[in-house]
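[1] sharing a sequence plus its predicted fold:
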Amino acid sequence: MSGAGGRNKENSRGRGRHRRIRAQSCARVSRASRRRIGWNLRPKMRLVPRPLPRNLIRKFYRVSPFLMGKVDAASVAVPTVAHAEVGCQLLEMGIDVLVEKPMAVNLAEADLLLAAAKKHQRILQVGHVERFNPAVIAVEPVLNRPLFFEVHRLGVFTPRSLDVDVIYDLMIHDLDILLALVKEPVTEVKAVGIPVLTDKVDIAHARLEFVGGAVANVTASRVSTERVRKMRFFQQHEYISLDYARRDAYVLE
C-alpha cells in the first residue's frame, strides 16, 4: 500500500503544474466572458506500475449526463486512448471541447472527433501550447526559408502519458511547429525508435524532408538524464536558436 501511495504522490506532482496552468487559464476566460466553464475531466483510477490495456482503460471513462446544459466548454485531459471517447460524448452534449495533445491515438479517432464537432456544430481545439511559446512567436517574423533544423526534446522519466509512444507524448510538439514554420508538405520520413523503460517507444529520432528542400532532424526522449527543449535552424546568412524552456531565442548573422 505504501508503494502505491508513493507512486500516486509522484504522479500528482508531475501533473500538478499543468493542472494549475489550465485552471488559471480557464479562470481568466471565465472572468472575461462570464461564461460557465467545464473543468478538467480526470477519472479516479488507481495507478498501476504498467499501463492498463486499452480495452480495460476505456471502461473508466464516462461523461456524466448532468453536464448537459450546465457548462459551455470542457478541457479533456484524460489519457490519449480515451480522447475520442470522452471528446465525442461532450460534443454530442453540445459542449465545446479543448482536447490535450495529441488529438487522438490514431487518425481514425481524430476523424471521429472532427465529424462529431461538425455534426453538432461545436468548437473543437487541440492544446498545442508550444505554438504560443514566446520563443516561437519571436522567430516567426524573421523566417526566411529555413533549410536545416536540429531539434531536441528530452526529459527524465515520469509515470505519465505511458499509454502512447514518445512521438505522441513529446515529439508531437516539434512536428507541429516544424510544419508551421516550413509551411511545406513533407516528402520523406526516416525514423527509428526503441522502448527502454516501458512497452512503448521511449526514445525516437526522425529525419524529415520537405518539398522545398528543407531537412529536419528531430530527437525526442522521455528517458534522459536532463531536460532539454531546443530547436536550432539555419537559413540564408543566419543561425537561429530557440530554447522552449527558457522561452527565448537568438539570431546570429
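    That came through fine.
[2] can you verify residue 141 is assigned to a helix?
    Yes - applying DSSP: H, G, I helix; E, B strand; the rest coil, one finds residue 141 inside a helix.
[3] so where's the protein shaky on pLDDT?
    1-62 (pLDDT under 70).
[4] again, only using 90
    Regions of the chain meeting the criterion pLDDT under 90 cover residues 1-72, 77-81, 129, 158-164, 253.
[5] okay, now the domains of it?
    What automatic domain parsing lists as the domains of the chain is 2-127, 130-252.
[6] what about the shortest one, start to end distance?
    The reference is to domain 130-252. In domain 130-252, first residue to last residue: 23 Å (Cα to Cα, to the nearest Å).
[7] quickly list what the residue nearest to residue 251 when sequence neighbours are not counted is bridged to.
    Nearest non-adjacent residue to residue 251, counting by Cβ to Cβ, 6 or more residues apart in numbering: residue 240, 5.1 Å away. Just so you know, the C-beta spots here come from the backbone N, C-alpha and C atoms, and that holds for glycine as well. Residue 240 forms beta bridges with residue 233, residue 251, as assigned by DSSP bridges.
[8] gap between residue 240 and residue 217?
    Residue 240 is 15 Å from residue 217, where distance means Cβ to Cβ, to the nearest Å.
[9] please apply the same query to residue 133.
    For residue 133 relative to residue 217 (Cβ to Cβ), the value is 20 Å.
[10] and these two? Which one has more around it.
    Counted by other Cβ atoms under 10 Å, residue 133 and residue 217 do not tie: residue 133 has more neighbours, with 19 against 15.
[11] can you pull the contacts of the closest residue in space to the more buried one that isn't next to it in sequence?
    In space, and not counting its chain neighbours, residue 133 is closest to residue 244: 5.5 Å by Cβ to Cβ, 6+ apart. The neighbours of residue 244, taking Cβ atoms under 8 Å, 6 or more residues apart in numbering as the test, are 130, 133, 135-136, 153, 229-231.
[12] in the chain, which spans are strands?
    37-41, 73-76, 96-100, 124-127, 148-154, 186-194, 203-210, 215-221, 228-235, 238-243, 248-252 (DSSP state E).
[13] could you dump the ones you listed to TSV with distance to residue 168?
    Shown next, in TSV, are the strands of the chain (distance: least, Cβ to Cβ, whole Å):
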stretch	distance to residue 168
strand 37-41	19
strand 73-76	15
strand 96-100	11
strand 124-127	12
strand 148-154	12
strand 186-194	11
strand 203-210	10
strand 215-221	10
strand 228-235	17
strand 238-243	22
strand 248-252	26
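[14] what's the burial count for residue 212?
    Using other Cβ under 10 Å, residue 212 is surrounded by 13 other residues.
[15] ok, now which ones touch the residue nearest to it when sequence neighbours are not counted?
    Counting by Cβ to Cβ, 6+ apart, residue 212 lies nearest to residue 184, which is 5.0 Å off, once chain neighbours are set aside. Residues counted as contacts of residue 184 (Cβ under 8 Å, 6+ apart) are 210-212, 214.
[16] ok, 6 Å please
    Neighbour list for residue 184: 210-212 [criterion: Cβ atoms under 6 Å, 6 or more residues apart in numbering].
[17] for residue 126, state which of these is nearest.
    Comparing the contacts of residue 184 against residue 126 with Cβ to Cβ picks out residue 210 as the nearest, at 22.2 Å.
[18] ok, the closest residue in space to the closest one that isn't next to it in sequence to residue 198 distance?
    The spatially closest residue to residue 210, leaving aside those adjacent along the chain, is residue 184, at 4.4 Å (Cβ to Cβ, 6+ apart). Using Cβ to Cβ, residue 184 is found at 34 Å from residue 198.
[19] and if you look at residue 160?
    11 Å.
[20] who has more neighbours, these two?
    Between residue 160 and residue 198, residue 198 has the larger neighbour count (other Cβ under 10 Å), namely 17 against 14.
[21] correct me, but the more buried one touches residue 162?
    Yes - using Cβ atoms under 6 Å, residue 198 is in contact with residue 162, at 5.3 Å.
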